[in-house]
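[1] Predicted model, plus sequence, below.
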Number of protein chains: 2
Amino acid sequence: MRILVVEDKIALAQALEAILVENKYTVDTVHDGLKGLEYSMSDVYDGIILDIMLPGMNGLEVLRNLREERISTPVLLLTAKSEIEDKVKGLDYGADDYLTKPFATEELLARIRAVTRRKGEMEIDGVEFSDVQLNLKTGEISCGGNSIKLGLKEFQLMEMLLKAGKQIITKEQIIDKIWGYESDTEYNNVEVYISFIRKKLQHIHSKVQIKTTRGLGYSLEEKN
Amino acid sequence: MRILVVEDKIALAQALEAILVENKYTVDTVHDGLKGLEYSMSDVYDGIILDIMLPGMNGLEVLRNLREERISTPVLLLTAKSEIEDKVKGLDYGADDYLTKPFATEELLARIRAVTRRKGEMEIDGVEFSDVQLNLKTGEISCGGNSIKLGLKEFQLMEMLLKAGKQIITKEQIIDKIWGYESDTEYNNVEVYISFIRKKLQHIHSKVQIKTTRGLGYSLEEKN
DNA sequence: CAAATACCTTGAAATAACCTTAAGGCTTTC
DNA sequence: GAAAGCCTTAAGGTTATTTCAAGGTATTTG
């Protein structure tokens, strides 16, 4: 876990760093807003502790800039004031939590844990193999810059193929899963969809090919 | 935006509900921990306001159970005490924020907004995609100089679409969130509202279109 | 090597999903 | 209590997907 501390008061900054290091975080510390923003932009941190009162650029500005750049690292705002208006503004600017000075060490650690846990659980929303990925939320496959939409059945079949990767899946398995195990769909139907997907894979210039193993089923492989 | 309020004191529960409804949230209210857990499990809420002191099962228990079931709906804990140990425990159990009674209406709303905001996104009082924005306070969508008012259902649906952006949302999800997960609303109803919104998007000359992906759902895209 | 088998591709027909409009019932507003 | 607006349902038209069928190409087998 890598944490960035942005705090101008040297004593406090060192104290924070000490507490965090003690608890096995990796810590970088900077002392003004501009540096804070610069470091944050690298998007390598699991969390940022950000003082509001800072020389150069204040904490809220840093935060706003960061969120505008779509960097979603969790931010824990730090301030002397506990005024409601400040909290409101901070939270609306995209802070994840708020800590007023002075604070107990335990509370700091708990909030850090809370804030980094939430983001850490981000679920993946795609499956991939070699140079193609299937976006489960848009129903498109893409390779490099190209992408193309799949129909429902194509989508389901592609998902199965990607999850299986180099392992062979049979037409039986495909029909069971996509059409239901007591469907009387013909094998030919599967072949039709395999054909559709092959065409679309070519269309996005992917190196991935669907290999057929006679009598067994289909699997993915890389061309070249 | 659908919020679940779990609060045993009827007066407070009603007050919360009134404030939230006033601000265009859809609200369900239950008065004990067990019901609270049961409702939360449906996983259709954008946020849960959870009192700690509850009959049956206390708030922290509810929260722990919820997180164990891998349901990550943001939770705003509500309590009379402001003891640090309680905060620590609450946050460690997976709460997203903490509000001590009594609280200002503004602070409640700000924290709800903060907590329900999708990670890293900004939302002052509107959501937007490309050239349209939705004003959460007036319930109007606008593009350039033009704007037009949305009905409640249109509003809620548009909000979902804007938040999802290019990601597909299913009719199932739409019905669960807008009509409630145990409603028997027909899919056709959703289609009707999609149609209405499409017409209004054209009317304000937006480049945004609602794209339908057959068998999957709807998403936004930019024309041209 | 022929013949059988498994698989590919394509176009057209069938089907299911979706769109739109309109109308009736309900609630809110003046 | 009439008007306006909103919600829901129903019906017919539209379109994309799914299926079927036919003719073709590889691969195995006797």
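    Yep, that arrived.
[2] Can you tell me the SS state at the residue sitting furthest away from the middle of chain A?
    Distance to the chain centre peaks in chain A at A:Asp184, reaching 40.6 Å (criterion: CA atoms, centre = their mean). Following DSSP: H, G, I helix; E, B strand; the rest coil, we place A:Asp184 in the coil state.
[3] which residues does it contact?
    For A:Asp184, no residue meets the contact criterion (CB atoms under 8 Å, 6 or more residues apart in numbering or on different chains). C-beta coordinates here come from the backbone N, C-alpha and C atoms, glycine included.
[4] For chain B, what's its nearest residue on chain A.
    A:Ser72 (2.4 Å; CB to the nearest CB).
[5] quick one: which helix or strand includes that residue?
    Taking DSSP states H and E as the definition, one finds A:Ser72 inside no helix or strand.
[6] Strands of chain A, residue ranges please.
    Counting by DSSP state E, chain A has strands at residues A:2-6, A:26-30, A:47-51, A:75-79, A:97-100, A:126-129, A:132-135, A:140-143, A:146-149, A:208-213, A:217-222.
[7] if I look at the nearest residue to A:Val127 once chain neighbours are set aside, how far off is B:Met160?
    Of all residues not flanking A:Val127 in the chain, A:Leu162 sits nearest, at 4.4 Å (CB to CB, 6 or more residues apart in numbering or on different chains). Note on A:Leu162: its distance to B:Met160, by CB to CB, to the nearest Å, is 28 Å.
[8] A:Gly139 too?
    Plainly put, A:Gly139 is 18 Å away from B:Met160 if you go by CB to CB.
[9] the more surrounded of those two?
    A:Gly139 (24 against 18; other CB atoms under 10 Å in any protein chain shown).
[10] give me phi/psi at that one?
    Phi and psi for A:Gly139, reported as degrees, to the nearest 10, are phi 70, psi 30.
[11] so what's A:Asn189 up against?
    A:175, A:179.
[12] So, low pLDDT: which residues of chain A?
    Scanning chain A for pLDDT under 70 picks out A:42-44, A:68-71, A:81-92, A:117-126.
[13] Flag every residue of it that's near DNA strand D.
    A:149, A:151-154, A:179, A:185-186, A:188-189, A:192-193, A:214 (CB under 7 Å from any atom of the strand).
[14] could you measure A:Thr116 against A:Leu20, distance?
    Distance, A:Thr116 to A:Leu20, by CB to CB: 12 Å.
[15] all helices in chain A, in order from the N-terminus.
    Listed in chain order, the helices of chain A (DSSP state H) span A:10-22, A:33-41, A:59-68, A:84-92, A:105-120, A:152-164, A:171-178, A:187-203.
[16] how about the ones you listed in CSV, adding distance to DNA strand C?
    Formatted as CSV, the helices of chain A follow (distance: least, CB to the nearest atom of the strand, whole Å):
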stretch, distance to DNA strand C
helix A:10-22, 50
helix A:33-41, 40
helix A:59-68, 33
helix A:84-92, 28
helix A:105-120, 33
helix A:152-164, 8
helix A:171-178, 7
helix A:187-203, 4
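[17] still on that earlier bit, surely the residue nearest to A:Val127 and A:Asp131 touch.
    No: using CB atoms under 8 Å, A:Leu162 makes no contact with A:Asp131, being 11.9 Å away.
[18] the more surrounded of these two?
    Between A:Leu162 and A:Asp131, counted using other CB under 10 Å, the more crowded position is A:Leu162 (19 against 14).
[19] Contact partners for the more buried one?
    By CB under 8 Å, 6+ apart, A:Leu162 lies in contact with A:127-129, A:132, A:134, A:220.
[20] and if we set it to 10 Å?
    A:126-130, A:132-134, A:141, A:208, A:220 (CB atoms under 10 Å, 6 or more residues apart in numbering or on different chains).
[21] Then A:Met1?
    Applying CB under 10 Å, 6+ apart to A:Met1 gives the contacts A:20, A:23-27, A:45-47, A:112-113, A:116, A:120.
[22] Now with 8 Å, please.
    Contact analysis of A:Met1 by CB under 8 Å, 6+ apart lists A:24-26, A:46-47, A:116.
[23] Pull the most distant pair out of those.
    Across the contacts of A:Met1, the longest distance by CB to CB is 13.5 Å; it joins A:Lys24 and A:Gly47.
[24] who has more neighbours, these two?
    More crowded of A:Lys24 and A:Gly47, by other CB under 10 Å: A:Gly47, with 26 against 7.
[25] In this structure that one contacts A:Ile112, no?
    Yes: when contacts are counted by CB under 8 Å, A:Gly47 is listed as touching A:Ile112 (6.0 Å).
[26] Now do the shared contacts for the two.
    With CB under 8 Å, 6+ apart, A:Gly47 and A:Ile112 have common neighbours A:3, A:76.
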